[in-house]
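# please work out how this folds:
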Amino acid sequence: MPRGVGEDFDKNDTGIRSRDFDGAEFDIDDFRKGGSVDNRFIVARKKRKKKILLTVSICVLLVVATVLLLLSPVFAVKEYDIPDLKFYTDDEIVSVIDEISGKNGLVAVFQNTSFDEADGLLRLRLPDAEKKIVFNCPYIESVMVRFSFPNKIIVEATERKPIFLTDYHNTYLYIDSRGIVLEAFTAATRPDFPIVKGLEITDYKIGCSIAETDNNKIFIAMKLCNSLSVMGILENNIDIIDVSDYNDIWMFCAPSLSVKFGNADGLEMKVSKLKGIFEAGYDGKTEGELDLYSGKNPVLKPTVSEEKPPAEEE
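From the prediction side, this is the model:
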């Protein structure tokens, strides 16, 4: 029968445990010995709170220790890994982002990256450093800067490819395949590269697209020079490319070959034919005019020298 209120506990109930409303356990035997049920609940509850407090304290200590370790000088930047570049030395790249040297790499990552850029944080990238390199190094097209444990900064970069020069008020502008101005030279310091004539430039800024009144001309110049570069003949004795009239494009090779492209239609095919002619031995040293426009096939017209009439005998 069920035990009524106020009845004695049966001796067979020894070892049976019960729980209070908070889940704390109390021992029936302790109750028999005259202990207060409320006191037993309080003791059990205190024990549980101590366990929770101990667990939380250990977790906090572990977090603090981890943070202190990550912020320690062990992860201070001491080394840079720079790729082999054509236009910049390792020291030139490092000098742009040298403020990172000696700093904790992880701190630098968090200072450079917002929490919205989750991918950057996970890859330990430094976007501010990347922007500085692109701004200060116009030959750099794209760059990624990231921290590598324990103390290294790794730089991955791709350089722009210059394809021609153009004259602007006696200053020679170095232009890449996308129309970006890479550098400005004097006549004495300019590199040995084809000069594009006929562009009507209004202004320029290093690292920015060239400003021109007729965008069609700059587009044709880039298209032609890119094709010449792909075919490997861009720097093959080419002196001048004239796009003054984009329906009558000319190229002049040193010392004495003129090449007529005509309009911009089929430029890639015309350049492909030009490469074959160069490989056949008819390069810039050949005297004459090479017409790639008038007929289906290229026509080489040798230069006819004017012969002086024989002197009259006295």
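# next, work out how far apart Val96 and Tyr80 are.
Going from Val96 to Tyr80 by C-beta to C-beta, to the nearest Å gives 11 Å. For glycine as for every other residue, the C-beta is placed from the backbone atoms N, C-alpha and C.
# could you do Ala280 as well?
Separation of Ala280 from Tyr80 (C-beta to C-beta): 49 Å.
# please apply the same query to Asn247.
In this structure, Asn247 and Tyr80 are 52 Å apart, going by C-beta to C-beta.
# give me the more crowded residue out of those two.
A side-by-side neighbour count of Asn247 and Tyr80, using other C-beta atoms under 10 Å, places Tyr80 first with 18 against 9.
# name the element that one belongs to?
strand 79-81 (DSSP states H and E).
# pairing partners for that strand, with directions?
Strand 79-81 has its sheet partners listed here by DSSP bridges as strand 152-159 (parallel).
# quick one: the partner strand to chain centroid distance?
With C-alpha atoms, centre = their mean, to the nearest Å as the basis, strand 152-159 stands 8 Å off its chain's centre.
# need the CA coordinates for that strand. PDB is fine.
Extracted in PDB, the C-alpha atoms of strand 152-159 (Å, rounded to 0.1, in the frame of the first residue of the first chain):
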ATOM      1  CA  LYS A 152      56.300  35.800 -41.300                       C
ATOM      2  CA  ILE A 153      54.500  38.100 -43.800                       C
ATOM      3  CA  ILE A 154      53.900  36.500 -47.200                       C
ATOM      4  CA  VAL A 155      53.300  38.700 -50.200                       C
ATOM      5  CA  GLU A 156      51.900  37.300 -53.400                       C
ATOM      6  CA  ALA A 157      51.800  39.800 -56.300                       C
ATOM      7  CA  THR A 158      51.200  40.100 -60.100                       C
ATOM      8  CA  GLU A 159      52.900  42.800 -62.100                       C
END
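# pLDDT averaged over it - what is it?
The average pLDDT within strand 152-159 is 97.
# mind listing what's buried along that strand?
Across strand 152-159, burial judged by 16 or more other C-beta atoms under 10 Å covers Ile153, Val155, Ala157, Glu159.
# among these, which two are most distant?
Ile153 and Glu159 (18.9 Å; C-beta to C-beta).
# low-confidence regions, this structure specifically.
Along the chain, the parts satisfying pLDDT under 70 run over 1-38, 65-66, 68-71, 114-118, 213, 236, 304-314.
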